[in-house]
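K.L.:
pasted the sequence and its predicted model underneath.
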Amino acid sequence: MGIGELDREAHVPEVTGAAAAPRTLAEALRARGDEGLAALLRARPDLLSPVPNDLTQLATRAGTRGSVVRALERLDRFALQTAEALAVGPDPTPYPVLLALLTGDEGDPGIEAALPGAVALLREQALVWGEDDRLRLVRTARELLAPSAQHPSPTGLGPTVAEATSGMSPGRVQEIIAAAGLPATHDPVSAVAALTELFTDRARMGALLDSASPEALAVLDRLVWGPPYGEVTANPAPPVRWLRDRGMLLPVSARTMVLPREVALHLRGGRAHRAPEPVPPELGVSREYRPQVVDSAAAGQAHVALATVEELLKSWDRGGPQVLRAGGLAVRDLKRTAAALDVTEETAAFWLELCYGAGLLASDGEADERYAPTPAYDHWLDLPPAERWALLVTPWLSATRTPGLVGGQDTKGRTLAALGPDLDRAPAPEVRHRVLALLATLAPGSAADPETLFARLRWERPLRGAAQAASEGDGAGVPDLRSRLARWTLAEAELLGLTGRGALSGPARALLNLPLAEAAEATAPGGGVELSVAAERAATLLAPLLPEAVDHVLLQADLTAVAPGPLRRPLGDALAVLADVESKGGATVYRFTPGSVRRALDSGLTASDLHEFLKAHSRTPVPQPLAYLVDDVARRHGHLRVGAASAYVRCDDDTVLGEILADRRSASLGLRRLAPTVLAAQTDPASLLDGLRSMGYAPAAESAEGDVLVTRADAYRTPARTAPVPVPDGPPAPDRTLLGAAVRAIRAGDRAATVVRKEPAAVPSAAGALPRTSAAETLATVQAAAMTGSAVWIGYVNADGAASQRVIAPVRVEGGFVTGYDHTADEVRTYPLHRITGVAELADDQV
């Protein structure tokens, strides 16, 4: 069942009984109960910014173009088709006429069953008002949906006969009705009415078409489903001329003809749409798996996601790439990151944006701005794996940043960079939630057919996708934004382990606050659980599915170590310094090299420390080649010393220094001998260290005092940063408390604006004007009201000079102030008497 079906089932038309039919939208809103007003404000939260003063202002705001466009974009396809049918029907449209426009002459039980819900939904959202015998589409919606030459209607219909002949001469109109076999009239209005009556009379119209040639009927067939406009030559062909003479084609310009709406509806059998869709497309199933298989596959991918994020941020531990001047990551840096992670550039952009959205990665804000992990990353590392996963997927659900756009272009032709600006798309959170919710409607273990899922999304928001595609500048053949967001959501959910083999996992159902597979029959989906609680529940379900961390490796004679599972953090961090990762997968293979061993020695460890470490954490004996490698590198490590002269090299063995001077590769270092055991260099110590290491030596840095400098891999962190805030798609949905307060305020303001009051006989006031009374009369009236406990109507001007009308019930008058219950604000307030312009008693029937 789709969103539109749920809404239409939950909101039935309100019964007004024998009350008079509303004449305006404001009167229709006034006849609603509080629940009806709350439903309107919940469906259209933009009407609450700010809270309207009364129902008349609410109705005016509900009819503004921007608000109506937003409301139309949130309609499902059938509700939108219903509104489009009202736009091409008479104003007002009786319910039977609307039904005929959607079902045609043959009828359709499915449409007949769905139409009351669609009308109720349009009424609830204040797009339609009036009783069933006088349904009215709000004027702005009619202007947006009605057919015109500039904005063709999705119905494919053209203007009415009256609209198409509005600029035609009376003589030409008389010629048309004469050719159609109608009697002449005295004025063009009655002539147009007679022609319209002919085209809407099925029997007479059928007889007229029977006299048409097959060629003329073929012309009508090409125009009947739209577009209704066609180009003609200066001398039209006989079939076109025959249709033109009888008004079945009417001129728009010298070379353009249009098929009148009434003629098209007759040819269509009375249907406004070629293919009404009262029921959402069914969600298909591509494959079915056992739920345990799905959960295992999802958990495996969740483990890979955690390892990928950790690997990415660890590679930027001492400072990542520079930030582009315009913001974001350079293309070359994105390619390097993708190569380091062994993924595509699109997938690398997703991992970067995921870290950024979770607050684990940010720019440091320095003059030479770089990306680096944030302090939150260190806290994230200390958490259990399942909780770390929850902290990644929770912000992903609500993030508006869209990694799939990376590499594309904005409206100005500029390339969109990872971590850069202009990647926010407001509909992204809604689409992610909706895609996962649709997956949850399938049986546990069932993978959805993507194409049927995309068709369902297009049915639920048909206008939204088209509007966003236009704003994105998409051309023909390019999917709309919602379809692309849905495709990216499926791929990203698989990368994160929310789905396994295309089916929603158990932890993902918990995260979405949906019933578990094993409790689906007994548990109903709840809507009140906070996202943090749902994330905690999801982490609890995921924890036993993740592989357990191990505290050992298997050393092999080929200078490799195999980790049979994820390593515990201290072991993993130490081994990452001592060896290089050679391959990843179910088991990680580490390779020991002279460079990796030297890196461990540079961090302050000794050869004996390394031997003890390997012996303590290996389930196999330490291979002899590995022990020899450690001892050999340790023996040569620190034999050369590099310090700052600019830089110097010293060594107790002067023959080694002679070899260095004789080596051509040392020419770029600018070395010269100062003493038998000392060389001076024309480069800095860091470059000198790298140069000597590239020549095969193992130098050690030393301080000014001659002590060996221990170079630990100190982590670089940005200052504390907050995660990027999602860009909202319009005003946020109001909660129950805000809705209740807003409804009370609107009701009170409406009472103040429409209440019947007694006007002072001496100083009459115009309708809608503030009451005017003298200071003495004002004081006497409010004192009397305080004594009798009655309400009065006052005019009040605040300190900013803004005037308003209020209904108050005074309870105390003293010291130049009146204190009473303000029905407009729904609270007790105190007003200075000198700011009250006047006061009037309420009519007896309003007290």
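P.N.:
Here it is on my side, so go on. No experiment lies behind these values; they were computed from the predicted model shown. Residues are numbered from 1 along each chain as shown.

K.L.:
and the end-to-end length of stretch 148-163?
P.N.:
End-to-end distance of stretch 148-163 (C-alpha to C-alpha, to the nearest Å): 10 Å.

K.L.:
what residues of that stretch count as buried?
P.N.:
153-161, 163 (16 or more other C-beta atoms under 10 Å). To be clear about C-beta, it is placed using only N, CA and C from the backbone, and glycine gets the same treatment.

K.L.:
one more: stretch 330-345?
P.N.:
333-334, 337-338, 341, 343, 345.

K.L.:
and if you look at stretch 26-33?
P.N.:
Of the residues in stretch 26-33, 26-32 count as buried by neighbour count, 16+ other C-beta under 10 Å.

K.L.:
how far off centre is it?
P.N.:
The chain centre lies 33 Å from the centre of stretch 26-33; the measure is C-alpha atoms, centre = their mean, to the nearest Å.

K.L.:
alpha carbons only: can I get it in PDB?
P.N.:
The C-alpha coordinates for stretch 26-33 follow below in PDB (Å, rounded to 0.1, in the frame of the first residue of the first chain):
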ATOM      1  CA  ALA A  26     -12.000  30.400   4.600                       C
ATOM      2  CA  GLU A  27     -15.600  29.400   5.400                       C
ATOM      3  CA  ALA A  28     -14.700  25.800   4.500                       C
ATOM      4  CA  LEU A  29     -11.800  25.900   6.900                       C
ATOM      5  CA  ARG A  30     -13.900  27.500   9.500                       C
ATOM      6  CA  ALA A  31     -16.400  24.600   9.300                       C
ATOM      7  CA  ARG A  32     -13.600  22.100  10.100                       C
ATOM      8  CA  GLY A  33     -12.900  20.700  13.500                       C
END
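
K.L.:
what's the average pLDDT for that stretch?
P.N.:
Taken as a whole, stretch 26-33 carries a mean pLDDT of 92.

K.L.:
assign A426 to helix, strand or coil.
P.N.:
Under DSSP: H, G, I helix; E, B strand; the rest coil, A426 falls in the coil class.

K.L.:
mind checking pLDDT for the spatially closest residue to it that is not a sequence neighbour?
P.N.:
With C-beta to C-beta, 6 or more residues apart in numbering as the criterion, A426 has its nearest non-adjacent residue at 3.5 Å, and that residue is D729. pLDDT, D729: 74.

K.L.:
now do the SS call for D729.
P.N.:
Once three-state DSSP is applied, D729 turns out coil.

K.L.:
which residues does Y229 bridge with?
P.N.:
V258 (DSSP bridges).

K.L.:
next, T683: phi, psi?
P.N.:
In this entry, T683 is assigned phi and psi values of phi -130, psi 170 (degrees, to the nearest 10).

K.L.:
pick out the most distant pair among the buried residues of stretch 148-163.
P.N.:
Checked with C-beta to C-beta, the buried residues of stretch 148-163 reach their widest spread between P154 and V161, with 21.4 Å between them.

K.L.:
near T24, how many other residues are there?
P.N.:
For T24, the tally of surrounding residues (other C-beta atoms under 10 Å) stands at 13.

K.L.:
contacting residues around the closest residue to it other than its chain neighbours?
P.N.:
Distances taken as C-beta to C-beta, 6+ apart place A59 nearest to T24, at 7.0 Å, with adjacent residues excluded. Contacts for A59 (C-beta atoms under 8 Å, 6 or more residues apart in numbering) come out as 24-26, 28-29, 126.

K.L.:
element containing A59?
P.N.:
With the criterion set as DSSP states H and E, the secondary-structure element containing A59 is helix 55-62.

K.L.:
any idea how far apart the tips of stretch 45-52 sit?
P.N.:
Here stretch 45-52 reaches across 12 Å from its first residue to its last, counting by C-alpha to C-alpha.

K.L.:
ok, stretch 209-219 next?
P.N.:
Across its full length, stretch 209-219 reaches 12 Å end to end, with C-alpha to C-alpha as the criterion.

K.L.:
now swap in stretch 85-99 and tell me
P.N.:
Termini of stretch 85-99 sit 9 Å apart (C-alpha to C-alpha).

K.L.:
residues in contact with it?
P.N.:
Outside stretch 85-99, the residues within contact range by C-beta under 8 Å, 6+ apart are 82, 101-102, 111-112, 115, 119, 122, 128, 130, 132-137, 141-142, 145-147, 153, 155, 157, 261, 272-273.

K.L.:
please check those residues and keep the buried ones.
P.N.:
With burial judged by 16+ other C-beta under 10 Å, the buried subset of those is 82, 101-102, 111, 115, 119, 122, 128, 130, 135-137, 141-142, 145-147, 153, 155, 157, 261, 272-273.

K.L.:
just those residues: which are in strands?
P.N.:
128, 136-137 (DSSP state E).

K.L.:
any idea which of those residues is closest to W242?
P.N.:
L137 (35.9 Å).

K.L.:
excluding its backbone neighbours, what's nearest the closest one?
P.N.:
If the residues on either side of it in the chain are set aside, L137 comes closest to L86, at 4.3 Å by C-beta to C-beta, 6+ apart.

K.L.:
roughly how far apart are the one you found and L545?
P.N.:
In this structure, L86 lies at 52 Å from L545, with C-beta to C-beta, to the nearest Å as the measure.

K.L.:
now do V138
P.N.:
Applying C-beta to C-beta, one obtains 52 Å for the distance of V138 from L545.

K.L.:
between these two, which is the more surrounded one?
P.N.:
V138 (24 against 20).

K.L.:
for the residue of the chain positioned farthest from its centre, what are its contacts?
P.N.:
Outermost residue of the chain with respect to the C-alpha centroid, by C-alpha atoms, centre = their mean, is P676; its distance is 71.2 Å. Neighbour list for P676: 654, 657 [criterion: C-beta under 8 Å, 6+ apart].

K.L.:
10 Å - rerun?
P.N.:
Taking C-beta atoms under 10 Å, 6 or more residues apart in numbering, we find P676 in contact with 651-655, 657-658.

K.L.:
how about it, phi and psi?
P.N.:
P676 adopts backbone torsions of phi -50, psi -30, taken as degrees, to the nearest 10.

K.L.:
same check on E311?
P.N.:
Backbone torsions of E311, given as degrees, to the nearest 10, read phi -60, psi -40.

K.L.:
try A791
P.N.:
phi -100, psi 150.

K.L.:
what's the neighbour count on it?
P.N.:
Using other C-beta under 10 Å, A791 has 22 other residues around it.

K.L.:
from E777, how far off is the spatially closest residue to it that is not a sequence neighbour?
P.N.:
By the measure of C-beta to C-beta, 6+ apart, the closest residue to A791 outside its immediate chain neighbours is A809, 4.5 Å from it. Taking C-beta to C-beta as the measure, A809 falls 19 Å from E777.

K.L.:
cool, R44 as well?
P.N.:
According to C-beta to C-beta, R44 and E777 sit 43 Å apart.

K.L.:
neighbour count winner among the two?
P.N.:
For R44 and E777, the more surrounded residue by other C-beta under 10 Å is R44, and the numbers stand at 22 against 16.

K.L.:
tell me the secondary structure at the residue nearest to A791.
P.N.:
Under three-state DSSP, A809 falls in the strand class.

K.L.:
again, but for L442
P.N.:
Assigned by three-state DSSP, the conformation of L442 is coil.

K.L.:
much appreciated, bye for now.
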